[in-house]
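> What follows is a predicted protein model with its sequence.
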Amino acid sequence: MTANKIPNILIMQSGGCTPVLNQSLNGVVAAATSSNHFGSVYGSIHGLEGILEERFIELTGLSESTWGIISRSPGAALGSTRRKFRLEDSARVVNVFADWGIKYLFTIGGNDSAGTALQLSYSAKSTGYPLTVMNIPKTIDNDLVLTDHSPGYGSTARFIALATMGAGQDALSMGEAAPITIIEVMGRDAGWLAAASALASRKDSDAPHLICIPEIPVDELSFLDAVDNAYCKYGFVVAVVSENARGPDGSVLGGETEPWLVDDFGHAYYDGPARYLAGLIQKRLRVRVRYEKPGTIQRSFVETLSTVDAMEADMVGRDAVSYALSGHDEEMVTLVRDEYEKYSCHSDTVDLSKVADQVKIMPHEYCQPQEFWVTDAFLKYAEPLIGDPLPMVLSLI
């Protein structure tokens, strides 16, 4: 604790981890330290839980080499949380902020985390406690509104494109022994990640051959016909489906009516459609169908880190400090794409109240529902975000 009048900073990481989550953490600490405006820079262990339990770690004493390792480490260096803010937490968190001299709070998180940041700000201001709050965007789902894209998406999109490319080459190689693969990827409410698999395709025969996203209801008969046609044409098929791809009735493919888990924010989790769709295809085509569900590997495989993603994650962390020092409060840093022929972007801010608990779905101009595919406009949007060009692959078949 400290009685120093110089303001202290608290940083928390919240929600699902991204491959570049710690790049943003490094950006905040580096900018705060170099500003000479703050006393201590604390990190909250496991986010909101750490605040309530006063589990803080001083971050300014770590060496440059240590930060170099942390920045490229998967997971959340401070530990994350999915614990929702509750009304009864208000008095406790304000007392903790006051005891530790915390006047600036930086949350690194997505739409749910933006809501938590807003509640923490409201709690402080309702008692007259001066607290500046900034949210630093992160999510692999790319579903934060009012930002061109979210740090974390580019690296995970790169992983999915590479995984799809590899699955395609494997299915092509195995031929009749195992010619069809279903890959189920993350994306609870939006299909941005599944759509990114299209970046693996350079010619018509390349995987993926079909993409299913939550925004477009999937007619099972049409899906099976498309798989059948692709199999007849190419001799193998890879389909990429979002974890909550839905049928025309709005239910997750597979007929589940009850989720196996509902988290603190009310998000329902289902078994997913991959196994169900694999069963339908196998029954119709009488061939072996594999289904893959990478899970958290999608966001923790650091060897597929996008250089663009890493740079932007660090940038929004640093810029969040600059914005806070210039008087911004209760805002989230956003990424704005520059209108240049060569890709670049800069940061801006938006009110947290416009971001919290909102979801950005894929727009219609990015989707080709009849073909189970995406448009050239989406490919133009997504390709710069994955960084270096994908490797070339070749088969002699």
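Cool, the structure landed.
> What separation is there between the residue minimising distance to the centre of the chain and Phe301?
Nearest to the geometric centre of the chain sits Ile140, at 1.4 Å (C-alpha atoms, centre = their mean). Using C-beta to C-beta, to the nearest Å, Ile140 is found at 12 Å from Phe301. Heads up, the C-betas are built off the backbone N, CA and C, glycines and all.
> try Phe372
Taking C-beta to C-beta, one finds Phe372 at 26 Å from Phe301.
> pretty sure Val289 contacts Lys283?
No. If you go by C-beta atoms under 8 Å, Val289 and Lys283 don't touch, sitting 9.3 Å apart.
> Would you mind listing the buried residues in stretch 49-67?
49-52, 56-57, 59, 62, 67 (16 or more other C-beta atoms under 10 Å).
> which parts of stretch 124-141 are buried?
124, 131-141.
> average pLDDT for that stretch?
In this model, stretch 124-141 has an average pLDDT of 97.
> now swap in stretch 387-397 and tell me
94.
> So what would you say the end-to-end distance of that stretch is?
One end of stretch 387-397 to the other measures 30 Å (C-alpha to C-alpha, to the nearest Å).
> ok, residues contacting that stretch?
154-155, 158, 161-162, 165, 169, 172-173, 175, 199-200, 305-309 (C-beta atoms under 8 Å, 6 or more residues apart in numbering).
> Show me how far it is from its chain's centre.
Put simply, stretch 387-397 sits 25 Å off its chain's centre (C-alpha atoms, centre = their mean, to the nearest Å).
> Could you do stretch 210-220 as well?
The mean C-alpha position of stretch 210-220 is separated from the chain mean by 20 Å, C-alpha atoms, centre = their mean.
> likewise stretch 87-94?
Going by C-alpha atoms, centre = their mean, where stretch 87-94 is centred and where its chain is centred differ by 29 Å.
> Now do the buried residues in it.
Burial within stretch 87-94, assessed by neighbour count using 16+ other C-beta under 10 Å, is assigned to 89-90, 93-94.
> now the residues you listed as a markdown table including secondary structure?
What follows is the buried residues of stretch 87-94, written out as a markdown table (DSSP: H, G, I helix; E, B strand; the rest coil):
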| residue | secondary structure |
| --- | --- |
| Asp89 | helix |
| Ser90 | helix |
| Val93 | helix |
| Val94 | helix |
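> Surely the residue nearest to the centre of the chain touches Pro151?
No. Taking C-beta under 8 Å as the definition, Ile140 is not a contact partner of Pro151, at 9.4 Å.
> what residues are shared contacts of the two?
Thr18.
> thinking again about what came up before, now the buried residues of stretch 124-141 in CSV, with distance to Lys380?
As requested, the buried residues of stretch 124-141 are exported to CSV (distance: C-beta to C-beta, whole Å):
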residue, distance to Lys380
Ala124, 43
Leu131, 41
Thr132, 37
Val133, 35
Met134, 31
Asn135, 28
Ile136, 27
Pro137, 22
Lys138, 24
Thr139, 21
Ile140, 21
Asp141, 20
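> So which of those residues is the closest to Ala245?
Nearest to Ala245 out of the buried residues of stretch 124-141 is Asp141 (C-beta to C-beta; 14.0 Å).
> what residues are shared contacts of Ile140 and Phe301?
Joint contacts of Ile140 and Phe301 (C-beta under 8 Å, 6+ apart) are Pro19.
> Show me where the stretch 51-200 of the chain has its helices.
64-71, 90-99, 111-126, 153-174, 192-196 (DSSP state H, counting those that start in this stretch).
> Of those helices, flag the one that's most buried.
helix 192-196 (a mean of 29; mean count of other C-beta atoms under 10 Å).
> if I look at Pro389, how far off is Phe223?
31 Å.
> and what of Leu52?
Taking C-beta to C-beta, one finds Leu52 at 47 Å from Phe223.
> Same check on Gln282?
14 Å.
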